[in-house]
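[1] Provide a 3D model corresponding to the input given below.
(3 chains)
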Amino acid sequence: MNCSIPTTDFARILAALRSQSPLVHNITNYVVMNNSANALLAIGASPVMAHWKEEMEEMVAIAGALVINIGTLDSEWIEGMIAAGIAAHHRGTPIVLDPVGAGATSQRTEAAWRIIRECHPTIIRGNGSEIMALVKADVKSKGVDSSASSHSALESAKELALTAGCVVVISGEVDYITDGHTTYTVEGGHPIMTSVTGMGCTASALVGACAAVEPNPMVAATAAMAIMSLAGEKAATVARGNGSMQMAFLDELYNLRAELYTK
Amino acid sequence: MNCSIPTTDFARILAALRSQSPLVHNITNYVVMNNSANALLAIGASPVMAHWKEEMEEMVAIAGALVINIGTLDSEWIEGMIAAGIAAHHRGTPIVLDPVGAGATSQRTEAAWRIIRECHPTIIRGNGSEIMALVKADVKSKGVDSSASSHSALESAKELALTAGCVVVISGEVDYITDGHTTYTVEGGHPIMTSVTGMGCTASALVGACAAVEPNPMVAATAAMAIMSLAGEKAATVARGNGSMQMAFLDELYNLRAELYTK
Amino acid sequence: MNCSIPTTDFARILAALRSQSPLVHNITNYVVMNNSANALLAIGASPVMAHWKEEMEEMVAIAGALVINIGTLDSEWIEGMIAAGIAAHHRGTPIVLDPVGAGATSQRTEAAWRIIRECHPTIIRGNGSEIMALVKADVKSKGVDSSASSHSALESAKELALTAGCVVVISGEVDYITDGHTTYTVEGGHPIMTSVTGMGCTASALVGACAAVEPNPMVAATAAMAIMSLAGEKAATVARGNGSMQMAFLDELYNLRAELYTK
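    Got it, this is the predicted structure:
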């Protein structure tokens, strides 16, 4: 794994996660809830999954970060997301938006934009297709998997970062993290990660955790993507298929701390 | 594993899945979403889980197959299922219905029949109890697990196939695949598969994937059940319990291609 | 593992689970549905996850126990929980309530109390924070993870047991099971269990299974917590992180029977 920030940065962030154990409030999709929660626990954060509009204000009030993921969307959940996002924005709590499947249907693209406009996310993380769809770049969408390389979406990411006033992360073979002016990269990971459902969603959850303890969103997002890459590379060495990859990835996340400290 | 179609058939279908990577649109239950998505990725398909009525028409438009599973049903989801099913039927997109728990409550039986009448599924896959319940055969239902052998449900399956005008699959010790006139079988698998939640739902998802690339629903369904059996047999040799069985099953699905090609 | 009831008690209960395979009806959260279902299958029970208000009466009618878990709550699900709980209470079917996140938001605390008042649960199982929050003890809540030791919640548990007229279980380093007069304990398990999401929810599901075959709720709950501890201790010896811990825990549950019989 190679990335634009020194290893000491994400070792420091990981140490902060373990010592502060921030509550990360996730409004995420049904497919990944279990894995996202376990990934957050693995790196020392405290996950909560909650979407009921009525309790959003109180839940956000005790959270260190809010992660909004539109993977299995419907009207009622959108209202919960908006309520939570507005509350988080008012409190200055960092918000991560994962626009899963933006471009696959117009409803998803519009829901993502409504969240951007009303909640002002700190960081948006998506794959190449999703980021391109958000700026109406010419891209053929295919459900929730990307049909575009992360590099081909870089200009779209910069445009989105400037328009939305946030940091944008594109994951892919190379991850790009940009605020429209500066761009960081993370190279690493392993192709088998694309055969495990919800790896991108897990990345968004970890971005949220890092943003809860690191005020610079460029550094927080890069650290999270670097942690994903590192754990993915290590897990891939023991995985026999996507089943064991999903499990080994959590184990490697869980064990990452020691290694980073000894570097 | 023994089945009524030659190995070359499902090797061909598996190759088509890997080369075409069809989008399989699932409206399925909360219990199995993660595993169904991973099983679809393992065999090369591209899964999307989406249930919001508003986006059903657009999502179905980019899908190669639609899988409707009523495992954790409620009124709102039924409307999403019906909207997706009608759209898929109009487009000629293959539809797989998994009537989870039919017979356990009258609401489930009725919901399954409403989907059959309004959406005209291409293939229905259930366990013995569920298939018998759909034709009001005398069967004592017990939740979502079968209380009837697959063989005892064969006449019900034939009746259902003729009434509903589709292919019916009963999974069990022996899987039966019938259009009411011809019946194919798949023998194999392993008893521990019944201790892993959602194995039937995974089978339905794979039937959907196969139907996306194989126009003959009898062949598509038989291939999917054969793939399930093969992967299950192989996974059972390394499983220590139902936890490792669930993981090993995905790994074996992921690794199935090589073996089938060398046969 | 040490506990207040003889090993023969939970060997007997486990044998009853395998021979009767009771249907355990779960209305539980999205995060844990897969693992709770697999845990129930591992010990021989038959899980069903169903929340639709319309089918609650019929589903409860065929169930041996009802488990209500408020982990990912919303208004519609509360109505399903209440309908199921009232039906179960009228039938004399044991009800387990898991007040996930009680105290984290006032909506959760109120929902838990509404369920207690209207459904009269047989057993309430929570962590220290949740139990203390239910009796308005002075405790700082932090999402769904406990910020209080199980011991510090014991007086609250006794008070809750007497007020609600049920058995209360606090899980933690030591598990306490109390009806307000008598208190049983289970010591054991392993700290890594707190890094696996939904272990408490799995405990509640197993309490439900045991209550379906054992009429004494103090014994049923203690047996379930002892089974959790035993499987957790054994799984921890092979786990490399929280991913493999989650898997190994199911395997150990699955294999528990033999060992208990030979003791």
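[2] from here on, contacts and neighbour counts on C-alpha atoms
    Fine.
[3] now A:G200: how far from B:Q246?
    When distance is defined by C-alpha to C-alpha, to the nearest Å, A:G200 is 22 Å away from B:Q246.
[4] chain C contacts on the stretch 151-263 of chain A?
    A:246-252, A:254-255 (C-alpha under 8 Å from any C-alpha of the partner chain).
[5] can I get those residues in CSV with secondary structure?
    As requested, these are arranged in CSV below (DSSP: H, G, I helix; E, B strand; the rest coil):
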residue, secondary structure
A:Q246, helix
A:M247, helix
A:A248, helix
A:F249, helix
A:L250, helix
A:D251, helix
A:E252, helix
A:Y254, helix
A:N255, helix
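[6] find the nearest non-adjacent residue to the residue in chain A positioned nearest to chain B, please.
    Taking C-alpha to the nearest C-alpha as the measure, the point where chain A comes nearest chain B is A:G241, at 4.1 Å. Beyond its immediate neighbours in the sequence, the residue positioned closest to A:G241 (C-alpha to C-alpha, 6 or more residues apart in numbering or on different chains) is B:D251, lying 4.1 Å away.
[7] residue contacts, the one you found?
    For B:D251, the residues meeting the contact criterion (C-alpha atoms under 8 Å, 6 or more residues apart in numbering or on different chains) are A:240-244, B:42, B:235.
[8] do A:A157 as well
    Listed by C-alpha under 8 Å, 6+ apart, the contact partners of A:A157 are A:131-132, A:168-170, A:178, A:180.
[9] still on that earlier bit, how near is the residue nearest to A:G241 to chain C?
    Distance from B:D251 to chain C, counting by C-alpha to the nearest C-alpha, to the nearest Å: 14 Å.
[10] quick one: pLDDT of that residue?
    Residue-level confidence at B:D251 comes out at 98, pLDDT.
[11] equivalent analysis for A:I227, please.
    A:I227 is assigned 96 on the pLDDT scale.
[12] from the middle of its chain, how far away would the strand or helix carrying it be?
    In this assignment (DSSP states H and E), A:I227 forms part of helix A:217-236. With C-alpha atoms, centre = their mean, to the nearest Å as the basis, the distance from the averaged C-alpha position of helix A:217-236 to the chain average is 11 Å.
[13] that one and chain B, are they touching?
    No. With C-alpha under 8 Å from any C-alpha as the measure, helix A:217-236 is seen stopping short of chain B, the closest distance being 12.7 Å.
[14] could you say what helices and strands that helix packs with?
    strand A:2-3, helix A:7-20, strand A:167-171, strand A:174-178, strand A:183-187, helix A:199-213, helix A:242-262 (3 or more C-alpha pairs under 8 Å, 6 or more residues apart in numbering or on different chains; DSSP states H and E).
[15] mind listing what's buried in stretch A:188-201?
    By neighbour count with 16 or more other C-alpha atoms under 10 Å in any protein chain shown, stretch A:188-201 contains the buried residues A:188-190, A:192-201.
[16] likewise for stretch A:17-37?
    Counting neighbours by 16+ other C-alpha under 10 Å, stretch A:17-37 gives A:17-18, A:21-37 as buried.
[17] stretch A:176-192 now?
    So for stretch A:176-192, counting by 16+ other C-alpha under 10 Å, buried means A:176-180, A:183-190, A:192.
[18] now do stretch A:112-127
    If you call a residue buried by 16+ other C-alpha under 10 Å, then stretch A:112-127 has these buried ones: A:112-113, A:115-116, A:119-127.
[19] can you give the distance of that stretch from its chain's centre?
    Between the mean C-alpha position of stretch A:112-127 and that of its chain there is a distance of 12 Å (C-alpha atoms, centre = their mean).
[20] check stretch A:147-167 too.
    In terms of C-alpha atoms, centre = their mean, the gap separating the centre of stretch A:147-167 from the centre of its chain is 15 Å.
[21] how about stretch A:169-179?
    Taking C-alpha atoms, centre = their mean, one finds the center of stretch A:169-179 at 11 Å from the center of the full chain.
[22] hmm, who's touching that stretch?
    Everything outside stretch A:169-179 that qualifies as a contact, by C-alpha under 8 Å, 6+ apart, is A:123-128, A:131, A:149-151, A:153-154, A:157-158, A:161-162, A:165-168, A:183-189, A:191, A:200, A:218, A:221-222, A:225.
[23] where along the stretch 1-150 of chain A do the strands fall?
    If DSSP state E, counting those that start in this stretch is used as the criterion, the strands of the stretch 1-150 of chain A fall at A:2-3, A:23-27, A:46-49, A:65-69, A:95-98, A:123-127.
[24] from the chain's centre, how far out does the fifth one sit?
    In other words, strand A:95-98. The chain centroid and the centroid of strand A:95-98 are separated by 7 Å under C-alpha atoms, centre = their mean.
[25] C-alpha coordinates for that strand, PDB please?
    Extracted in PDB, the C-alpha atoms of strand A:95-98 (Å, rounded to 0.1, in the frame of the first residue of the first chain):
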ATOM      1  CA  ILE A  95     -21.200  13.600   7.800                       C
ATOM      2  CA  VAL A  96     -20.100  11.000   5.300                       C
ATOM      3  CA  LEU A  97     -22.400  10.300   2.300                       C
ATOM      4  CA  ASP A  98     -22.200   7.100   0.300                       C
END
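[26] any idea how far the nearest residue to A:R18 once chain neighbours are set aside is from A:L14?
    Taking C-alpha to C-alpha, 6+ apart, and ignoring the residues beside it in sequence, A:R18 has A:G44 as its nearest neighbour in space, at 4.5 Å. A:G44 is 8 Å from A:L14, where distance means C-alpha to C-alpha.
[27] of those two, which one has the most company?
    Legend: neighbour count by other C-alpha atoms under 10 Å in any protein chain shown for A:G44 and A:L14, higher for A:L14 (27 against 24).
[28] for A:V213, see how far away the more buried one is.
    Computed as C-alpha to C-alpha, the A:L14 to A:V213 distance reads 9 Å.
[29] do A:G188 as well
    24 Å.
[30] got the residues of chain A near chain B?
    By the rule C-alpha under 8 Å from any C-alpha, the part of chain A lying against chain B is A:30-32, A:71-75, A:104-108, A:142-145, A:195-197, A:240-244.
[31] just the buried residues of these.
    Buried among these by 16+ other C-alpha under 10 Å: A:30-32, A:71-74, A:104-108, A:142-145, A:195-197, A:240-244.
[32] tally up the residues packed near A:H90, please.
    With neighbours defined by other C-alpha under 10 Å, the count for A:H90 comes to 11.
[33] just A:E58 next, same as before
    If you count neighbours by other C-alpha under 10 Å, A:E58 ends up with 15.
[34] ok, now which ones touch the nearest residue to it once chain neighbours are set aside?
    Residue nearest to A:E58 in three dimensions, not counting chain neighbours: C:T105, with 5.6 Å by C-alpha to C-alpha, 6+ apart. Residues counted as contacts of C:T105 (C-alpha under 8 Å, 6+ apart) are A:55, A:58-59.
[35] okay, those residues in a markdown table with pLDDT next?
    What follows is the contacts of C:T105, written out as a markdown table (pLDDT from 0 to 100):
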| residue | pLDDT |
| --- | --- |
| A:E55 | 97 |
| A:E58 | 97 |
| A:M59 | 98 |
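[36] what would those residues look like in JSON lines with distance to C:G208?
    Written out in JSON lines, the entries for those read as follows (distance: C-alpha to C-alpha, whole Å):
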{"residue": "A:E55", "distance to C:G208": "28"}
{"residue": "A:E58", "distance to C:G208": "30"}
{"residue": "A:M59", "distance to C:G208": "29"}
